[in-house]
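In: quick one, fold the following:
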Amino acid sequence: MCVCSDVLPEIRSMCTEELCSWMKLYSGSFLNDSYLKYIGWMMHDKMPEVRLKCVLGLQSLYGDPLLLSKLDLFTSRFKARLVSMTLDRDNEVAVQAMKLLILISRSCEDTLHEEDYMQLYQCVYSSQRPLA
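Out: Residues are numbered from 1 along each chain as shown. The predicted model follows:
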């Protein structure tokens, strides 16, 4: 299963959305590093709708306290990318990335460090009101 290589962003977007759904519904089978890596890779996609589906899917996963322990390696591996997505050129991706990081900071103590928060605090000065 490599959704990363499909030419059409609509296909990559749908596959990402469904994979996140499967991870939540069938966490015993799909919520592991073998599948989470695809979500991490897709966070670098050139199309904003694909990146947005990744962030929204992750919000769903991080919002479930029973699934948090299975996200530790993913979080440590892709935290820098998540933080950088708050500066995404697509406003909706940036806003949802910020919401995801707020969720992570509340549910996973000691995951975000002071330097992460310093970058996030810069968004207060954003000209995009929803992000500020």
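In: CA atoms only for stretch 82-91, dumped as CSV, please.
Out: Output of stretch 82-91 as CSV, limited to C-alpha atoms (Å, rounded to 0.1, in the frame of the first residue of the first chain):
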residue,chain,number,x,y,z
LEU,A,82,3.9,19.0,12.7
VAL,A,83,5.3,22.1,14.2
SER,A,84,6.5,23.4,10.9
MET,A,85,3.0,22.9,9.4
THR,A,86,1.7,25.8,11.4
LEU,A,87,3.6,27.9,8.9
ASP,A,88,2.0,26.1,5.9
ARG,A,89,1.3,28.3,2.9
ASP,A,90,-2.3,27.0,3.0
ASN,A,91,-4.2,28.8,5.8
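In: buried stuff in it?
Out: For stretch 82-91, burial by neighbour count (16 or more other C-beta atoms under 10 Å) applies to Leu82, Val83, Met85, Thr86, Asp88. Glycine gets a C-beta too; all of them are placed from N, C-alpha and C.
In: just stretch 36-53 next, same as before
Out: So stretch 36-53, judged by 16+ other C-beta under 10 Å, has buried residues 36, 38-43, 45, 48-53.
In: quick check: the two most widely separated of these?
Out: For the buried residues of stretch 36-53, the farthest-apart pair by C-beta to C-beta is Leu36 and Pro48; their separation is 20.9 Å.
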